[in-house]
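**Q** Predicted coordinates and the sequence they were generated for:
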Amino acid sequence: MADVKPDIKNDEQQNFSVGNNSDPKNLQELTQYIQTLLQQTQEKFQTMSDQIITRIDDMGNRIDDLEKNISDLMTQAGVEGTEK
């Protein structure tokens with residue numbers, strides 16, 4: 001079975017950075033800070049979602065291949081498979 005390497009970094013590696021590292025000083029800076037943070041969070045969730053969907057698709061393809069191989073082996077062995 002192939003090793004699956006996680007593409008998702010642990011929490012310590014997923015530090016969100018927002019422009020300058022200073023604390024917001026007024027309402028406009030706070031608003032910009034929050035908008036940037038929310039945008040970065042949305043991008044991270046989209047990336048994770050895409051990775052999950054890709055892995056599900058890969059798993060589906062592997063299951064299809066496995067079913068075909070089992071069917072071929074049963075045919076070669078002369079075993080009649082039950083239809084679904």
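**A** Now that the structure is in, tell me what you want to look at. Residues are numbered from 1 along each chain as shown.

**Q** which stretches of the protein have low pLDDT?
**A** Within the chain, the segments meeting pLDDT under 70 span 1-22, 80-84.

**Q** Go again with 50.
**A** Applying pLDDT under 50 to the chain flags residues 1-2, 8, 11-13, 16.

**Q** For it, which segments count as helices?
**A** For the chain, applying DSSP state H gives helices covering 27-77.

**Q** Could you check how far Gly60 is from Asn69?
**A** For Gly60, the distance to Asn69 equals 15 Å [C-beta to C-beta, to the nearest Å]. From N, CA and C alone the C-beta is placed, and that goes for glycine too.

**Q** how about stretch 32-47: buried residues?
**A** Under the neighbour-count criterion of 16 or more other C-beta atoms under 10 Å, stretch 32-47 has Tyr33 buried.

**Q** Would you mind extracting the C-alpha trace of that stretch into CSV?
**A** Coordinates of each C-alpha in stretch 32-47 appear next as CSV, following Å, rounded to 0.1, in the frame of the first residue of the first chain:
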residue,chain,number,x,y,z
GLN,A,32,-8.4,45.6,7.2
TYR,A,33,-6.8,43.2,9.6
ILE,A,34,-10.0,41.1,10.0
GLN,A,35,-10.7,41.1,6.3
THR,A,36,-7.2,39.9,5.5
LEU,A,37,-7.4,37.2,8.2
LEU,A,38,-10.8,36.0,6.9
GLN,A,39,-9.5,35.9,3.3
GLN,A,40,-6.5,33.9,4.4
THR,A,41,-8.7,31.5,6.4
GLN,A,42,-11.1,31.1,3.4
GLU,A,43,-8.1,30.3,1.1
LYS,A,44,-6.8,27.7,3.6
PHE,A,45,-10.2,26.0,3.8
GLN,A,46,-10.6,26.0,0.0
THR,A,47,-7.1,24.4,-0.3
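
**Q** Can you report how many residues lie near Gly78?
**A** 6 (other C-beta atoms under 10 Å).

**Q** list the contacts for it?
**A** Shown here is Gly78, which makes no contacts under the criterion C-beta atoms under 8 Å, 6 or more residues apart in numbering.
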